[in-house]
Structures are given as structure tokens and as C-alpha cells.
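>>> quick one: sequence and predicted model below, then my questions.
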Protein chains: 2
Amino acid sequence: MAANSRVTIAAHALAWMELARRRGREVLTSEEVAASVNTNAVIVRRSLGDLQRAGLVRARRGNGAGYSLARSATEITLLDVWLAVSPEPLLALHHCEPNLECPVGRGIRPVLTDLYDEATDTFRAALARSTVADILQRILA
Amino acid sequence: MAANSRVTIAAHALAWMELARRRGREVLTSEEVAASVNTNAVIVRRSLGDLQRAGLVRARRGNGAGYSLARSATEITLLDVWLAVSPEPLLALHHCEPNLECPVGRGIRPVLTDLYDEATDTFRAALARSTVADILQRILA
DNA sequence: GGCAAAAGTAACCATCACTGTTACGTTCGG
DNA sequence: CCGAACGTAACAGTGATGGTTACTTTTGCC
């Protein structure tokens, strides 16, 4: 495991919600989303909870409740999704502080941090180039 | 945890080996590398074992043995290191097959795979821009 | 040939993140 | 007030990781 499938689940949910919206169903329950993603409704609620906290979806409670997109699918990028559900950085430094008596141990951390940030930025930029609407369009093509 | 600190450990080891080489010590033992990285010698041997399998370092066994760079530090990129030690993809698809009766479930996987590959490629390209020699130079600057 | 040093590696443990599941509290429309 | 659905806590199972010990294998050197 270890690799992030959260983005996949969240993107799937959003694409499905957008398709349902176009078909006239503005609101979907976690059960309905879970049926498409083929997972447990709690997983969906947790994922959509992250998206809600990031302002990408709205959740209504009570009777007849469910989730709806908080803004147009053309304005939700895969980067938005990734930032909402992916807390972990792609690359990490040492768990334990390296030996500071060694020149490499003393100086390597800021250098690697900088390089990791650069690589992560290009990764994010790539994700920012696709929206949920793009994804749905390619799915339906 | 979960985030990869393997690249960090391997890059640290390589930079330290290159610095030692410039100081006239062509070969370092796993104990010596572990002392700088501040971890266990077995961890270093596992990491350098990966690098050896990738052709980045050479290992000699027996008395007076140890590790040395298999090629110039200017020709070992951070991407080489990442490929050698990072088996996991950055993003993964669903664990379970999605519901194929849903249009989204049926079509989303190739789309996401494609987008994930694109983003991963830019990430790799960024890592490919730095070599162990670059890193050591920035450490010593 | 034997010794000693060090790589290679297996076995095991603790920790942690993640998914999945159940269960329960909370909210809110009708 | 009732019921539907979100929110969330608690727990189990799985798997990756890092750390540690211990053993085998290799090999230079005396």
C-alpha cells in the first residue's frame, strides 16, 4: 500500500458528482458515491469531509441530505484535490538528526529540502493543469 | 512516516562518499556511513545494496572492504537515486476495482493513470536536474 | 591455511499510515 | 417527533518502514 489512493477516490467522487449534476441530481449521498467507487460509505464521508474542509464540496445534513459541488467542475483542479486529501510530503528528510560533526550531516538538510520542494512544485503544477471537468470529459469520450 | 526518507539516506551516503573520496578515502564501510547519517549500519547496507543493484556504487567484501562510487559524482543524479531506492509510485489507483456499471467507474482508471504518469514524469525530470556533485557543492558552499 | 574484517541477509519487533467496518451521536427536513 | 444521512470515534487487519541482533559469506593479509 503506502501509495496514495486518496486522490483517486476523491477525484472519482467529484467526477461522479458532476456527472450526476448534469443528469439533474444535484445532491448525492455518501452511499451513492460509495457504490460507484466500490468502497465503504465511511471512507467516502471521510474523503468528502476533507474536500469540504478545503471548500470544494458542500455537505448538507438532516433528512434528504448529501454532498454537492461547492463550485464549478471546471474550477476544481487535481491539485486542489491533492492538497485537500494528501497531508504527507512526497519525500522526507532523516527521521533522526544526522551527525552534525560531519560536514555532510551539517549541511545536507537545507539542500535536500530545497530540491525536494522544487520537484514537488513541478509535480503540483502538473496536477494543476487538469480539472474535474477535464477528467469527466475524457472519461465520457 | 510513510513518506520516503530513503532517498535522503541514499543521497547523504553518496555525498559523504564523494567528500571522502576527495579527501583520499576511496572506500567507506557501512559503519562509517552510518555514523554520518546517524542510523544503523544494516540500514546503510540495505540502502547501498539498492544503489549497487542500480550500478551507482560498488561494494567490496572481505578484509578492508567497503563501498565506493561506481561512477563520477557528476553523473549520478537524484533521479538515479530515487529510481534505485523508491519502488512505490507517487499516486495509486483504487485498491478495489470500481463499479463498472457506473460510467465513471468504467472510464476513470486510464484517465487518472495518464494524469498521474504525467505528473510523475515532471517530478522525475526535476530530480534529474541535480547530481550528487551539485548537492555536495551546495553543502560545502 | 587461518584469522579477522566487513558485506549480505534473514528474522524479528515496534511504529505508523491506511482501509475497512461497526456503532453511535448529531443535524435537520418534513 | 421521526427518520435519513452526515460526522466521527473506536477497533481490526494489512503492509511499509526503520531499527536491532545475529548469522553466513567473502576475501585480504599474515
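Received it, and whenever you're ready, just let me know what you need.
>>> CA only for contacts and neighbour counts going forward, please
Fine.
>>> helices or strands up against the helix or strand where A:A84 lies?
Following DSSP states H and E, the helix or strand that holds A:A84 is helix A:78-85. If contacts are counted by 3 or more CA pairs under 8 Å, 6 or more residues apart in numbering or on different chains; DSSP states H and E, helix A:78-85 sits against helix A:6-22, helix A:41-53, helix A:103-127.
>>> what number of residues lie near A:A141?
A:A141: 7 surrounding residues under other CA atoms under 10 Å in any protein chain shown.
>>> distance check, it against A:H95.
Taken as CA to CA, to the nearest Å, the spacing of A:A141 relative to A:H95 amounts to 46 Å.
>>> where does pLDDT dip in chain A?
Counting by pLDDT under 70, chain A has low-confidence residues at A:1-3.
>>> contact residues of it facing DNA strand D?
Proximity of chain A to DNA strand D is assessed by CA under 7 Å from any atom of the strand, with A:1-2, A:28-31, A:42, A:45-46, A:48-49, A:59-67, A:95-96 identified as the residues in range.
>>> which of the residues you listed fall in strands?
Restricting the residues of chain A next to DNA strand D to those inside strands, with DSSP state E as the criterion, leaves A:59-60, A:66-67.
>>> give the buried subset of those as a PyMOL selection command.
For anyone working in PyMOL, the buried entries among these, judged by 16 or more other CA atoms under 10 Å in any protein chain shown, can be selected with:
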select buried, chain A and resi 59+66+67
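>>> filter the ones in strands among the residues of chain A next to DNA strand D by proximity to DNA strand C?
Subset of these in contact with DNA strand C: A:R60, counting by CA under 7 Å from any atom of the strand.
>>> closest one of the ones in strands among the residues of chain A next to DNA strand D to DNA strand D?
Sorting those by how near they are to DNA strand D, with CA to the nearest atom of the strand, puts A:G66 at the top with 3.5 Å.
>>> my guess is that closest one meets A:R25, correct?
No. With contact defined as CA atoms under 8 Å, A:G66 does not reach A:R25; the gap is 10.8 Å.
>>> who's sitting farthest from the centroid in chain A?
In chain A, the greatest distance from the average C-alpha position (CA atoms, centre = their mean) is reached by A:E101, at 40.7 Å.
>>> for whichever residue of chain A sits closest to DNA strand C, grab phi and psi.
Of all residues in chain A, the one sitting closest to DNA strand C is A:G62 (3.2 Å; CA to the nearest atom of the strand). In this entry, A:G62 is assigned phi and psi values of phi 80, psi -170 (degrees, to the nearest 10).
>>> tally of neighbours for it?
When neighbours are defined as other CA under 10 Å, A:G62 has 6 of them.
>>> ok, A:G64 next?
Counted with other CA under 10 Å, A:G64 comes out at 9.
>>> distance of it relative to A:S130?
In this structure, A:G64 and A:S130 are 32 Å apart, going by CA to CA.
>>> and for A:L112?
Going from A:L112 to A:S130 by CA to CA gives 28 Å.
>>> what residues does chain A put near DNA strand C?
Where proximity means CA under 7 Å from any atom of the strand, the interface of chain A facing DNA strand C comprises A:1-2, A:4-6, A:39-43, A:60-64, A:86-88.
>>> repeat the analysis, applying 10 Å as the threshold.
By CA under 10 Å from any atom of the strand, the residues of chain A that approach DNA strand C are A:1-10, A:34, A:37-47, A:59-65, A:85-89.
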